[in-house]
Each structure stands twice: as structure tokens, then as C-alpha cells.
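# Requesting a structural model of the entry that follows:
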Amino acid sequence: MKKTILMVFVTATMTAQAEDVFSAMFESTASNMQNTAMTTAISGAVQTTADKAKPVAKSALLTFKPNPKTTAALQDQIFKALLEKAPGKHNEIKNMLKQADVVNNMRKAVKDLGYDPNELAVSLTLWVNTSFGQLEDRDTTEAENDAVLKQFRSAVDRAAALKKLSNEDRQKTSELLMYMTFFQMVDHMAAQQNKTGYDMEAVKGYIAENLKRFDLDPETFTITDSGITRKD
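From the prediction side, this is the model:
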């Protein structure tokens with residue numbers, strides 16, 4: 001996903017303490033995300049190129065109505081997970097999460113990029129395209145983003161289990177993807193800046209592993225104007 005706006009946000013939230021406690025946090029988040037329905041939707045997106053993906057009517061898009069209570073509950077879950085990784089830093093972590101305001105800022109950034117932050121397929125596209133961009137040292141193009149979004153819309157529309165998700169679960173899933181994207185960007189940027197304790201090869205290694213959790217092996221797939229495609 002094009003990262004210009006998102007990078008400004010991530011840069012503003014990176015402090016020495018944040019680099020420490022956010023390190024590898026998204027690996028845990030990915031574990032929480034992995035379930036049959038989500039894996040089916042993600043792996044289903046690669047079954048056909050974007051030009052052959054079935055268009056999905058706007059009225060059928062898998063969206064949700066955001067509830068601040070759901071966002072707060074998820075942030076508390078993330079806070080507890082971070083605290084487990086950095087015991088004794090209760091106030092620091094709490095202040096960092098308050099400063100970062102990950103979900104609200106990510107939602108604004110996504111909206112500024114021209115996408116609907118209340119659509120599950122958009123959050124999937126954000127995470128997947130950001131991940132491939134980090135692994136390939138590039139920004140994905142607008143055409144690539146739109147192609148992958150079309151694939152995910154079609155795949156989500158075919159995933160009966162996802163369609164049955166409650167509004168709350170749709171929101172949680174979308175916001176977890178936002179957190180995953182954020183934590184990856186923090187670690188990737190720290191490695192780019194040669195911060196102590198951050199190795200680019202290691203960061204790319206667990207970004208790749210997170211993609212593999214959902215059957216998107218970066219050794220096999222890449223992002224093109226046709227969406228998520230198999231490498232030649």
C-alpha cells in the first residue's frame with residue numbers, strides 16, 4: 001500500500017521506548033488473527049487474478065459500523081499483550097498507546113488514501129500490500145492496490161463464514177489488521193534506521209512468516225497490476 005501518509009503517522013509515534021515494547025508484537029497479533037475463515041478469505045483471493053475476479057456490488061461489501069467500545073476493548077487487549085513483553089512498563093506502554101491512537105490514526109490515513117476504513121477487504125489489502133512492499137523494498141502502486149482490493153472483495157464475498165461475522169467481530173478483525181500493519185511498520189522503520197536490536201533480515205523474516213500463516217508465501221507470490229499473483 002502506498003505509505004506516504006502512513007509513514008508520517010508511524011514516524012510521529014516512534015520513540016525509544018516504543019521501539020522496545022512494540023518489537024515483534026505483531027507476531028502475537030497474527031497468531032490471534034489466524035482462523036479458518038480468515039485464511040480461507042486470504043488464500044481465496046489468489047485463486048483468480050483481479051481482471052477475472054467477480055465484481056462485488058457496493059451494497060454487498062463486508063462493512064461494519066465502528067463502535068468506540070469495541071476499539072477500546074481491543075486496545076486494552078493489545079495493552080495487556082505488550083505488558084507481558086515488557087513487565088514494569090505499565091505507564092510507558094499506556095501513554096504510548098494513547099499517543100499512537102493506532103486505530104483512529106490508521107482509519108484517518110486509510111480514508112485520506114481514498115479507501116473506506118469500515119470495509120474488511122480494505123484492511124486486508126492494507127496489511128498484505130504493506131507487507132509485500134516491505135519485503136520487496138518498494139511502495140505498491142495505486143493500480144496494484146486496487147487490483148488486490150478487487151481480489152479480496154471477491155474472496156470475502158465467497159467466504160460464507162466471514163459473512164456470518166457480527167458487526168463487532170468484523171470491526172475487531174479489521175482493527176487487528178490495522179495493528180498488525182502498524183507494528184510491522186514500526187519494526188521495519190527501526191531496522192531501516194539501524195536502531196539497536198533491529199535487524200532488517202530478521203524483521204523481513206517474520207513479516208514473511210506472518211504472510212505464510214495465511215498461505216501467502218512471498219517466495220511464491222508477489223503484487224502486480226493483476227493483484228496477488230504467482231511469480232514466474
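# Can you give the distance of stretch 179-196 from its chain's centre?
13 Å (C-alpha atoms, centre = their mean, to the nearest Å).
# Repeat that for stretch 123-139.
Distance, centroid of stretch 123-139 to centroid of chain: 9 Å (C-alpha atoms, centre = their mean).
# Enumerate the positions of it that are buried.
Using 16 or more other C-beta atoms under 10 Å as the test for burial, stretch 123-139 gives 123-135, 139. Quick note: C-beta positions are derived from backbone N, CA and C, even for glycine.
# Kindly report the same for stretch 164-184.
165, 170-184.
# thinking again about what came up before, what about the buried residues of stretch 123-139, which are in helices?
123-135 (DSSP state H).
# Regarding the chain, what is its longest helix?
Per DSSP H, the chain has its longest helix at helix 167-192.
# Which elements pack onto that one?
If you count contacts as 3 or more C-beta pairs under 8 Å, 6 or more residues apart in numbering; DSSP states H and E, helix 167-192 packs onto helix 4-13, helix 16-22, helix 25-33, helix 68-85, helix 102-112, helix 120-136, helix 200-213.
# Give the rounded mean pLDDT of it.
Averaging pLDDT along helix 167-192 gives 89.
# ok, now stretch 66-84?
Stretch 66-84 comes out at a mean pLDDT of 90.
# rank the helices and strands packed on helix 167-192 by pLDDT, which is bottom?
helix 16-22 (a mean of 49).
# Give the closest residue to residue 65 in space, chain neighbours not counted.
Nearest residue to residue 65 in three dimensions, chain neighbours excluded: residue 167, at 5.8 Å (C-beta to C-beta, 6 or more residues apart in numbering).
# Likewise for residue 119?
In space, residue 119 is closest to residue 63, 4.9 Å off (C-beta to C-beta, 6+ apart).
# Surely the one you found and residue 120 touch.
Yes - contact between residue 63 and residue 120 holds when scored by C-beta atoms under 8 Å: they sit 7.3 Å apart.
# Between the two, tell me which one has more neighbours.
Counted by other C-beta atoms under 10 Å, residue 63 and residue 120 do not tie: residue 120 has more neighbours, with 26 against 19.
# mind listing what that one touches?
62-64, 156, 162, 170, 173-174 (C-beta atoms under 8 Å, 6 or more residues apart in numbering).
# Swap in 7 Å and give it another go.
Contacts for residue 120 (C-beta atoms under 7 Å, 6 or more residues apart in numbering) come out as 62, 156, 170, 173-174.
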